[in-house]
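Q: Give the three-dimensional model of this entry:
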Amino acid sequence: MTQGQLKDITVGSLAEELGGKLEGDASAIVRGAATLQDAGGDQVSFLANSRYERFMAQTKAAAVIVASDYQGAGANLIRCDNPYFAFRQAMVLLYGFRSHPLSGLDPAARIDPSARLAATVSVGAFACIGGDAEVGEGTIIYPGVFIGSKVRIGSGCILYPNCVVYEKCVLGDRVIIHACSVIGEDGFGYATYRGQHEKIPPAGWVEIGDDVEIGANCAIDRATLGATSVGAGAKFSNLVTIGHGAKIGKGCLFVAQSGVAGSTVIGDYCSFGGQSGASGHIHIGDRVRVGAQAGVHNDVDSDQDVLGSPAIPLARARRVLMTANQLPEMRNEAKRLAQQLEDLQARLDDLEGKAT
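A: Model prediction:
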């Protein structure tokens with residue numbers, strides 16, 4: 001099913017599809033999905049964050065997907081082990097994924113004769129594909145995309161309008177690159193000599209693993225030597241930057257405006273909050289979570305949560321932030337204690353003077 005083709009389904013059938021346990025009216029019809037606040041009587045909703053539990057008593061949803069151990073109010077509950085993933089499954093069932101209005105090779109596209117495109121590739125108008133490029137089965141290339149020479153793109157990829165893949169870069173299977181992102185531009189590499197910043201010509205490339213999704217307006221620098229790499233299953237929001245020679249592990253998440261400087265190595269399943277960043281030439285282990293606006297300047301061991309700039313372990317960062325919020329009161333208290341000490345010293349000096 002393609003996106004936009006809504007499918008009617010009973011609550012009972014939906015619960016069965018999700019592998020959940022229904023409490024309520026199995027015959028109610030679901031025709032779409034919405035938030036708890038906005039859902040109508042023919043829409044399904046979900047509760048995966050306790051902050052929104054206050055809306056359960058007033059929602060008009062035909063059914064609500066909740067955790068298996070949910071104890072609060074609500075009617076027509078579909079209990080699932082992972083309500084957020086179950087909601088994802090419901091969205092796929094009800095809406096499907098986006099359909100693409102492209103088929104075949106548009107005559108306005110410019111494709112080098114030496115490029116090798118699988119028979120099922122679709123290319124939009126004004127896209128440009130360079131010499132010796134390879135594009136796999138079922139890949140969709142939207143209008144205005146530029147693919148440089150000797151680029152290799154796997155099967156089932158989607159390149160949205162005006163994104164750019166520079167020469168020699170490699171994309172795995174099912175990679176999605178959203179509009180206006182750039183893969184493989186020159187890294188920020190300069191040697192300063194006699195007051196001049198002399199450009200170092202990059203000889204490397206970018207390799208992106210299978211099932212990676214890159215948001216809009218992202219940039220991944222090509223390496224000076226070897227490859228800048230992004231592991232399979234990584235997901236980028238918008239405006240994310242990866243520096244030259246960085247190595248990103250599989251399954252990592254990067255929220256908008258986060259960035260990684262050159263030659264930094266990041267392990268598997270790490271996450272970077274919005275506007276966070278890592279400086280260059282450091283190593284970050286597996287499953288590290290970097291909080292929003294944090295700045296990582298040193299190596300971080302696996303399984304750490306860090307926050308702040310410079311980033312420190314989360315528990316300590318919270319204490320630091322709580323202390324910082326109390327600084328005006330602490331300053332006033334320090335001034336008061338200093339004045340008391342000054343008064344006591346004056347009295348002590350006066351007593352010593354009288355004693356002599």
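
Q: low pLDDT regions in the stretch 201-350 of the chain?
A: Within the stretch 201-350 of the chain, not a single segment meets pLDDT under 70.

Q: Would you map the helices across it?
A: Remark: helices assigned in the stretch 201-350 of the chain by DSSP state H, counting those that start in this stretch are 314-325, 327-355.

Q: any chance of those helices in JSON lines, plus distance to residue 217 and mean neighbour count?
A: For the C-beta atoms, the positions are set from N, CA and C on the backbone; glycine is no exception. JSON lines is the format used below for the helices of the stretch 201-350 of the chain (distance: least, CB to CB, whole Å; neighbours: other CB atoms under 10 Å):
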{"stretch": "helix 314-325", "distance to residue 217": "29", "mean neighbour count": "12"}
{"stretch": "helix 327-355", "distance to residue 217": "38", "mean neighbour count": "10"}
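
Q: okay, these in TSV with distance to residue 183 next?
A: As requested, the helices of the stretch 201-350 of the chain are arranged in TSV below (distance: least, CB to CB, whole Å):
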stretch	distance to residue 183
helix 314-325	33
helix 327-355	45
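
Q: Residue ranges of each domain in the chain, please.
A: Domain assignment for the chain by automatic domain parsing gives 9-95, 163-315, 329-356.

Q: closest one to residue 138 among those domains?
A: Residue 138 lies closest to domain 163-315 among the domains of the chain, at 9.3 Å (CB to CB).

Q: can you give me the offset of the closest one from its chain's centre?
A: Relative to the centre of its chain, domain 163-315 is centred 11 Å away, using CA atoms, centre = their mean, to the nearest Å.

Q: go on, stretch 152-160?
A: Mean-position distance between stretch 152-160 and its chain equals 20 Å (CA atoms, centre = their mean).

Q: Stretch 324-344 now?
A: Averaging C-alpha positions (CA atoms, centre = their mean) puts stretch 324-344 44 Å from its chain's average.

Q: Contacts for it, please.
A: Contacting residues not belonging to stretch 324-344 are listed as residue 323 [CB atoms under 8 Å, 6 or more residues apart in numbering].

Q: The same query, at a cut-off of 7 Å, please.
A: Outside stretch 324-344, not one residue touches it by CB atoms under 7 Å, 6 or more residues apart in numbering.

Q: just stretch 86-93 next, same as before
A: With CB under 7 Å, 6+ apart, stretch 86-93 has contacts from 7, 14, 17-18, 20, 33, 44, 46, 48, 65, 80.

Q: now for these, which pair is the farthest apart?
A: Among those, the pair separated by the greatest distance (CB to CB) is 7 and 48, at 22.5 Å.

Q: correct me, but residue 308 touches residue 296?
A: No. Contact status for residue 308 versus residue 296: not in contact, 9.8 Å apart, counting by CB atoms under 7 Å.
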